[in-house]
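no letters, just coordinates:
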């Protein structure tokens, strides 16, 4: 639809020019209007017929044509346009059946066992996350591996994150505690929480914590583990306490179980 100021309400340029003509020249005839509008007669007749159908023109007993008052015209066009948009929106919301149809056109991609999709190329990972977030309806849960976000990362993520939060989608993320040492990353995380996102920082294991955890799962005695790592028993036990706290474990066997479940050992 080509554009005058009334195009948003559903009139094309010829219809709008015809309406404005009769608004300025009420009671005139239609004989020479094609010349006046510099448009083909057939196109003008079609425009006049539609304006008449919309109730925007009226013809008197002498054949003179007048335009409906602007208030009436805009109100009528608005009502019709809203009804059309409502129907279009209704059709859009019922179009999810197209997903199955379009998926059939897509080349089948084998997934790993248990429905896990493995992506290793950064561009593919980013695009897949964008797709999943775009179609999310209720909640987005994520565990983030980064310790710092670049300006590019933030610029890419901001529009999608903001859109999700404005739609009422809950965003819940766990980030590494080291990320809180990077000011731009912290600023962006605070921006998200101000919009309703829930961000938690998780402790991570130091290199020595990792080694102690592995020893703790292999040997029963602290003395043996400490000797294998060439540290004092007191230092070894302090790292054991850190591992238990980070894992949220109530005992060493529980910590070993949690570590294996999480793939830390």
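Sure thing, it's come through. The structure presented is a predicted model; accordingly, all values stated were derived computationally and were not measured. Numbering: from 1, shown residues only.

and the strands in the stretch 151-265 of the chain?
Applying DSSP state E, counting those that start in this stretch to the stretch 151-265 of the chain gives strands spanning 170-176, 198-202.

would CSV of those strands with distance to residue 89, mean pLDDT and mean neighbour count be doable?
All C-beta spots, glycine's among them, are computed from the backbone N, C-alpha and C. Output for the strands of the stretch 151-265 of the chain, formatted as CSV (distance: least, Cβ to Cβ, whole Å; pLDDT from 0 to 100; neighbours: other Cβ atoms under 10 Å):
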stretch, distance to residue 89, mean pLDDT, mean neighbour count
strand 170-176, 24, 87, 17
strand 198-202, 31, 82, 13
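
possible to save those strands as a markdown table with distance to residue 135?
Shown next, in a markdown table, are the strands of the stretch 151-265 of the chain (distance: least, Cβ to Cβ, whole Å):
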| stretch | distance to residue 135 |
| --- | --- |
| strand 170-176 | 14 |
| strand 198-202 | 20 |
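
now for those strands, which one comes closest to residue 133?
Nearest of the strands of the stretch 151-265 of the chain to residue 133, taken as Cβ to Cβ: strand 170-176 at 8.6 Å.

what's the angle between that closest one and strand 198-202?
Relative orientation of strand 170-176 versus strand 198-202 (axes from the mean of the first three to the mean of the last three Cα atoms, to 10 degrees): 20 degrees.

strand 170-176: how far from the chain's middle?
Centre-to-centre, strand 170-176 and its host chain are 16 Å apart (Cα atoms, centre = their mean, to the nearest Å).

which helix or which strand is home to residue 87?
Here residue 87, judged by DSSP states H and E, is contained in helix 70-93.

for that helix, give me every contacting residue.
By Cβ atoms under 8 Å, 6 or more residues apart in numbering, the residues outside helix 70-93 that reach it are 6, 8, 9, 10, 11, 19, 23, 54, 55, 56, 67, 68.

and the nearest residue to the first one once chain neighbours are set aside, how many neighbours does it have?
Distances taken as Cβ to Cβ, 6 or more residues apart in numbering place residue 16 nearest to residue 6, at 4.6 Å, with adjacent residues excluded. Taking other Cβ atoms under 10 Å as the neighbour definition, residue 16 ends up with a count of 19.
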